[in-house]
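Here is my input, please return the structure:
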Amino acid sequence: MEAFELKGKAAVVTGGASGIGAAVARRTPLVVTGPHVRTAGAIATYHAALEEPGVADASAEILREGQREARAVFGDRPLCVSLRPNLVSARTLASVTAGSEALYGALDRLERGLLRDEDLRRQLDLAPEEERLALAAPGFRAA
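As a prediction, this is how the structure comes out:
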């Protein structure tokens, strides 16, 4: 397997106790050398781990159950049906995080404004049923 450098990358590794995480952890030799981390063929290792008997099914069940527990479902369907590793630079991760937080804040302020201001809601040209649903108490508070 070809080794590649992960210098300048941010990786969040979870789930090493079971399923695909455990299979990858068993197969991937990580060697820490100063501030650098090297791994032998992370993508190939991931794919090979999926071929181990039962790993893909066990991982899918862990993913489904975790989403059920977190209420990350649409009806009975989980919102995510597969996991795929994604390595990004620490700079990209920080940028995406900052952008997402700014967008969430702006949408939160827009929501509060629309709920308070009937004239502003009128600009959306909502159908009566849409407006009724928009104003209905959801039964929970946003995070």
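
going forward, measure contacts and count neighbours with C-alpha atoms only.
OK.

Give me the neighbour count for Glu61.
Neighbours of Glu61 under the rule other C-alpha atoms under 10 Å: 14.

can you tell me how far it sits from Pro78?
11 Å (C-alpha to C-alpha, to the nearest Å).

Which helix or strand lies directly C-terminal to the helix or strand hosting Ser100?
Under the criterion of DSSP states H and E, Ser100 resides in helix 90-116. Following helix 90-116 in sequence order, the next helix or strand is helix 118-122 (DSSP H and E).

In that next one, which residues are buried?
Judged by neighbour count (16 or more other C-alpha atoms under 10 Å), helix 118-122 contains these buried residues: Arg121.

where along the protein do the strands fall?
For the chain, the strands defined by DSSP state E occupy 3-5, 9-10, 30-33, 36-40, 73-74, 77-78, 88-89.

Could you identify which of the ones you listed has the lowest mean pLDDT?
Here the lowest mean pLDDT among the strands of the chain goes to strand 30-33, at a mean of 38.

Show me where the protein dips below the pLDDT cut-off.
1-43, 84-89, 142-143 (pLDDT under 70).
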